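Enquirer: any chance you can model this:
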Amino acid sequence: MSKSQRMTVGSLVRHTPTGGVGLITKHTMYNANWGGFYVTFQKPVDNIIDGRVVNKLNHMFDRADKFEHIS
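Expert: From the prediction side, this is the model:
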């Protein structure tokens, strides 16, 4: 088992709910308990709400635990 790598600006990450892959461009607080990342995706990903695609996302902001580091 390898040690997990710290995610920071410039890290390549996967947004687990959408499967989108991109780079972290900014880090800030999501709320009082969680950090959050602004990510620019390599290619647009589907934004699925209530089981249907409503649009494509080129970038997004979400809670830090919704991302996984890609080595």
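
Enquirer: touching, D62 and R14? I think so.
Expert: No: with contacts counted by CB atoms under 8 Å, D62 stays clear of R14, the gap being 11.8 Å. Where C-beta positions appear, they are placed from N, C-alpha and C, glycine not excepted.

Enquirer: quick check: longest strand of the protein.
Expert: The longest strand of the chain (DSSP state E) is strand 35-49.

Enquirer: contacts for that strand, please.
Expert: 7, 13, 15, 18-30, 53-64, 67 (CB atoms under 8 Å, 6 or more residues apart in numbering).

Enquirer: out of these, which end up buried?
Expert: Buried by 16 or more other CB atoms under 10 Å: 7, 13, 15, 18, 20, 22-24, 30, 57, 60, 62, 67, out of the contacts of strand 35-49.

Enquirer: if we can go back for a sec, tell me which of the contacts of strand 35-49 fall in strands.
Expert: Members of these lying in strands (criterion: DSSP E): 13, 15, 21-29, 53-63, 67.

Enquirer: low-confidence stretches in this structure?
Expert: Confidence mapping of the chain against pLDDT under 70 gives the ranges 1-4.

Enquirer: at 80 instead, please
Expert: Where the chain drops to pLDDT under 80, the residues are 1-4, 71.

Enquirer: distance of the residue nearest to the spatial centre of it relative to A32?
Expert: When CA atoms, centre = their mean is applied to the chain, the residue found nearest the centroid is H15 (3.9 Å). Distance of H15 to A32, given as CB to CB, to the nearest Å: 22 Å.

Enquirer: what does G19 give?
Expert: Distance of G19 to A32, given as CB to CB: 29 Å.

Enquirer: same thing with K66?
Expert: Using CB to CB, K66 is found at 17 Å from A32.

Enquirer: nearest residue to A64 in space, please, no chain neighbours.
Expert: Excluding the flanking residues, the one nearest A64 by CB to CB, 6 or more residues apart in numbering is G35, at 4.4 Å.
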